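Undergrad: need coordinates for the following:
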Amino acid sequence: MTNGDSPYAGDWRLLTTISPNSDGFRDRARIRFRLREVATVTIVVNRTKANLEPLFERRATFGPGLHTVDWAPPATILPRTYLLRVLVRDRRGRRWSYGATAASVRKQTGPVVRIQGIDAAFEADSYRSGSTASLRVATDADDLTVQLYRSGPEFVPRLPRATMSGVPVGDPIEVPWRWKRSRHVIRVPIGDVDSGFYFAQLTAGDGRIGFAPFVVRPRILGADARVAVVLPTCTWQAYNFQDVDGDGWGDTWYAGPRVRPRVELGRPFLDRGVPPHFARYDVDFLHWLAWRKHAADYLSDSDLERFRSGAQLMRLYGLVVFAGHDEYVTPHVYRLVRQFRDLGGNLVFLSADNFYWRVLRRGSTIVRTSSWRSLGRPEAALIGAQFVAADGGGHQGPYIVRRARAAPWLFRGTGLRDGSRFGHFGIEIDRKSRASPPGTRVLAQLPRGSGRRTADMTYYETRRGAKVFAFGAFSLAGEATQPPMDQLLENLWARLSRP
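TA: Now for the predicted structure:
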């Protein structure tokens, strides 16, 4: 299999890279095969996620000998790898297949076509304000323009898939691209900017676009804000279906038949570089923070890992907000956050299924070992509620207020009272458990929120003065600017961000 032109770095007999931008260079994949006798050949091009998703099919009858079938996808196709299956049926009805199936054994052997866009990722998930970042880029474009943006302050409708929006920061960088067959590192000055969530937008002269997100932490942690907002950078990579090794399946624990022992951090994200479900679960909370002008230090999971102890975290911040689905945490982070709570630090969890998996960092990778609860450390003991079910959104619905008097400050100004319904949530849900701290109150419930189970929105306080709120479903962050959720968040921020 070839692209009819020069191979890209890493291409081999079963992997070819194309860029269908109508420039006459690597515009199509050429699948070659040899038959001993007359047969009908069907070539199926598949997207892969958890299973195969057929995208294109070509069937024809060929005689004995060498043959070539071209696949020339439209320029609008999203960059990624596509896994091919070749099905052969002879005149006597006998059948053969070549290529992986959803029920395949461990090793993938089928041909793969990589659609080359602009694959870009920063070498770290966080950089200090005023530093210079290293951006790894792979593309066969002739030239690139790199522009930094901050996500949050912009006023835009909900984003479509594979798109990011923000406010431009600094001047664009023009890069004549000479590395058309391999990856190269670009040095990008960040500038003296506020802490926040940023991304680089890379635009090629032929119209292709790629994104590379990163967090900017302040020059001095805690100098200007007593609130830390942690973005779920490890979870984004755990659910990143980008296929770097070129076997046709995403390099994640959730793709295909092969069990992967580890997940590589620092990879480009699929969907042109946009973190998984970013528009649905994350960006609205960034809008709420910026539009309400709330001061906060933005941190990545790696930044949290660098704190020596919960006492150090407590000296800098009174409130730590886990803005998204922070499912994967190391022993150090679990211990750090628990110490912070035990010393009186306040915690807010705006999503569900947090602190579920214990992971170990091995260089630039994370290794998933086991659930925390199976190790005798159930997440409800820290969070107040813990994961019970997921159904992909089949039973989403509104929360119902159950005990408004248990936290009247939270519902003030929202118009909500016992029996009131609000929002549209579900997908993954948490419930209060026997491990929940004494005095944990269920403020609202989502009946049959996922798999016909009920979600609990919880709150508790400790004797040391810690206040811990957990939303219990996907996701308060995803509807942060919508009433009455915006006022709920405002009340939560006002109470828990105070010393």
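
Undergrad: quick check, D271 in a strand?
TA: No. Read with DSSP: H, G, I helix; E, B strand; the rest coil, D271 is helix and lies in no strand.

Undergrad: skipping adjacent residues, who's closest to it in space?
TA: Leaving out its chain neighbours, the residue that sits closest to D271 by C-beta to C-beta, 6 or more residues apart in numbering is A162, at 4.0 Å. Backbone N, C-alpha and C define where each C-beta goes, glycine included.

Undergrad: distance check, the one you found against L360.
TA: 32 Å (C-beta to C-beta, to the nearest Å).

Undergrad: what about these two, which has more around it?
TA: A162 (18 against 13; other C-beta atoms under 10 Å).

Undergrad: residue contacts, that one?
TA: 78, 271-272, 274 (C-beta atoms under 8 Å, 6 or more residues apart in numbering).

Undergrad: buried subset of these, written for PyMOL?
TA: Here is the PyMOL command that selects the buried residues among these (16 or more other C-beta atoms under 10 Å):
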select buried, resi 271+272+274
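
Undergrad: for the contacts of A162, which one is nearest H184?
TA: Taking C-beta to C-beta as the measure, H184 sits nearest to R272 out of the contacts of A162, at 18.6 Å.

Undergrad: for the closest one, give me the pLDDT.
TA: As predicted, R272 sits at a pLDDT of 95.

Undergrad: walk me through the domains of the protein.
TA: The chain breaks down into these domains under automatic domain parsing: 15-115, 117-218, 220-239+276-496.

Undergrad: off-centre distance for the shortest one?
TA: Taking the mean of its C-alpha atoms, domain 15-115 sits 29 Å from the chain's own mean (C-alpha atoms, centre = their mean, to the nearest Å).

Undergrad: end to end, how far does that domain reach?
TA: Domain 15-115 has an end-to-end distance of 11 Å (C-alpha to C-alpha, to the nearest Å).

Undergrad: check contacts around R464.
TA: R464 neighbours (C-beta under 8 Å, 6+ apart): 342-344.

Undergrad: of these, just the buried ones, ChimeraX syntax please.
TA: Buried residues within the contacts of R464, by 16+ other C-beta under 10 Å, are selected in ChimeraX with:
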select :342,343
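
Undergrad: picking that back up, out of the contacts of A162, which two sit at the greatest distance?
TA: Distance extremes for the contacts of A162: the farthest pair is L78 and V274 at 10.7 Å, using C-beta to C-beta.

Undergrad: just give the closest residue to G191, not the sequence neighbours.
TA: G170 (5.1 Å).

Undergrad: who does the strand or helix carrying the one you found pair with, and is each partner parallel or antiparallel?
TA: According to DSSP states H and E, G170 maps onto strand 167-176. Sheet pairing for strand 167-176, assigned by DSSP bridges, gives strand 143-151 (antiparallel).

Undergrad: check which residues of the partner strand are buried.
TA: By neighbour count on 16+ other C-beta under 10 Å, the buried set for strand 143-151 is 144, 146-151.

Undergrad: now do stretch 221-234
TA: Buried residues in stretch 221-234, counted by 16+ other C-beta under 10 Å: 221-222, 225, 227-234.

Undergrad: which residues of the stretch 201-350 of the chain fall in helices?
TA: Ranges of helices in the stretch 201-350 of the chain, per DSSP state H, counting those that start in this stretch, are 233-238, 270-273, 278-281, 283-291, 301-305, 310-316, 331-342.
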